[in-house]
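>>> need a 3D model of the sequence below.
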Amino acid sequence: MKDLSRREFFKISAGGLAFLSELSVSREARAKLEEIFAERAFVEEDYEKGIDRLRTAVFEKEIESNWLFVEKGKKHGWLDIGKDMSIDSGSSIELLPILEDRDVSRMHFSHTHPIAVLKADKEISEPELEDAKKVRKSNLPSLPSPADIRTRALQKIFLRSNNLPQKLEHSVFDPSGRWFYDVDVDHPMIALITKKENPVPEDAPDTDKLVPSPGESAMMRMGFEIAGQQDYFRREKRIALEPLLRFQERMKKEWGVELRYEPYP
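Below you'll find the model as predicted:
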C-alpha cells in the first residue's frame, strides 16, 4: 500500500470504525477493537485484491506486511496490522474477539516474507532479484517460521478457551508462492511450545539462564527442521512435489503442523 497522507489515513480509518460498528461484540471487546481500528488503515476491498497487493508487497517492500481480512455478509475489508502488531508477536490475539459476532464468516491473517531478506542474506544475485521483481515470482521460498506457527497455535487456544468459532485462517506470501498453515493444538509438540513457563529467577546461576526451557528447545528444533527443508528447496531452485509431500507429512506427524502450498501461476 502506498504511503498515505494524513487526510487519506483518517478517511480509511473511519472506514474501519464504520465496519466495526456493524459487528455484534461485547462492550469490552468493542472498546479495545475501537482503539486498534482507530490507529490502523482499513481498506474496503475484496479478498482477491488484497491477495494481489500482498503478493506485490513481497517484491516491493523491504519489511514484512501484515494484514487481516474480515468479512461479514456483504461487508468486508483488510486491516493493516502493521509491524508494531506483527502476527509474529502474538499481540494479534487482541483482534480475535471480532469472532464474538457469529455472523462474521471469515477472518484471514496474511503476511509476507519479502524477497529483500534473501538479498540481505546474499542468497539471490542482483540480476535474479530484478528478474523476480519483474514477474513477481522466484524459485526461492521462505517458509512459515516457528514464530508464525506458535502464534497460530496461541490463537486457536484463545478461541477454544473463549468458546469462539474457529473461523480463522493464516497464510504467508513468500517469493515463490503462498503457504497456508494450521496446527493441531492437542499435539504434544504444539502443547509444549505454547505452554506457559516460569521465568528464570534473577538470582539464578548464569549457567541456568543459558539453558533453554523445554518450549524454547522445541522451537529451536522446529526451526532447524523448517530451515533444513527450506535450504533444500533453495538449492534445488524448485519445490518438487514428492519432497514437499514428505515434508508436509513429517510436519503434521512430528509437530502437529499442517502446511499447504500454492505456487504463483
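>>> my guess is residue 67 contacts residue 92, does it?
No - using C-beta atoms under 8 Å, residue 67 is not in contact with residue 92; the gap is 10.8 Å. All C-beta atoms are positioned from the backbone trio N, CA, C, and that covers glycine.
>>> what touches both of those two?
Between them, residue 67 and residue 92 share these contacting residues under C-beta atoms under 8 Å, 6 or more residues apart in numbering: 81, 109.
>>> what's the burial count for residue 97?
Neighbour count of residue 97, defined by other C-beta atoms under 10 Å: 20.
>>> okay, residue 67 and residue 92: which has more neighbours?
Higher neighbour count among residue 67 and residue 92: residue 67, with 25 against 22, using other C-beta under 10 Å.
>>> and the contacts of the host helix or strand of the more buried one?
Taking DSSP states H and E as the definition, residue 67 sits inside strand 66-72. Strand 66-72 has contacts (C-beta under 8 Å, 6+ apart) with 19, 22-23, 47, 50, 54, 76-83, 85-87, 92, 95, 98, 101, 103-112.
>>> just checking, which of those belong to strands?
76-80, 104-112 (DSSP state E).
>>> among those, the buried ones, what's the ChimeraX command?
Applying 16 or more other C-beta atoms under 10 Å to the ones in strands among the contacts of strand 66-72, the buried members can be selected in ChimeraX as follows:
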select :76,77,78,79,80,104,107,108,109,110,111,112
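>>> what is the nearest of the ones in strands among the contacts of strand 66-72 to residue 118?
Closest to residue 118 out of those is residue 112 (12.6 Å), distances taken as C-beta to C-beta.
>>> tell me how far the closest one lies from residue 52.
As judged by C-beta to C-beta, to the nearest Å, residue 112 and residue 52 stand 12 Å apart.
>>> repeat that for residue 22.
25 Å.
>>> go on, residue 244?
With C-beta to C-beta as the criterion, residue 244 and residue 52 are 24 Å apart.
>>> next one: residue 220
From residue 220 across to residue 52, the span is 36 Å (C-beta to C-beta).
>>> shaky segments in the stretch 1-150 of the chain?
In the predicted model of the stretch 1-150 of the chain, residues 1-14, 83-91 satisfy pLDDT under 70.
>>> all the helices of it, in order from the start?
6-21, 27-38, 47-60, 116-120, 126-135, 146-161 (DSSP state H, counting those that start in this stretch).
>>> buried deepest among these, which one?
Burial of those is given as mean neighbour count (mean count of other C-beta atoms under 10 Å); helix 146-161 ranks first at a mean of 20.
>>> may I have that helix as PDB, with CA atoms only?
The C-alpha trace of helix 146-161 is given here as PDB (Å, rounded to 0.1, in the frame of the first residue of the first chain):
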ATOM      1  CA  PRO A 146       8.300 -21.300  14.100                       C
ATOM      2  CA  ALA A 147       7.100 -18.000  15.500                       C
ATOM      3  CA  ASP A 148       4.400 -17.900  12.800                       C
ATOM      4  CA  ILE A 149       3.300 -21.400  13.800                       C
ATOM      5  CA  ARG A 150       3.400 -20.700  17.500                       C
ATOM      6  CA  THR A 151       1.200 -17.600  17.100                       C
ATOM      7  CA  ARG A 152      -1.300 -19.600  15.100                       C
ATOM      8  CA  ALA A 153      -1.400 -22.100  18.000                       C
ATOM      9  CA  LEU A 154      -1.900 -19.400  20.600                       C
ATOM     10  CA  GLN A 155      -4.800 -18.000  18.600                       C
ATOM     11  CA  LYS A 156      -6.500 -21.400  18.400                       C
ATOM     12  CA  ILE A 157      -6.100 -21.900  22.100                       C
ATOM     13  CA  PHE A 158      -7.600 -18.500  22.800                       C
ATOM     14  CA  LEU A 159     -10.600 -19.200  20.600                       C
ATOM     15  CA  ARG A 160     -11.200 -22.500  22.200                       C
ATOM     16  CA  SER A 161     -10.900 -21.200  25.800                       C
END
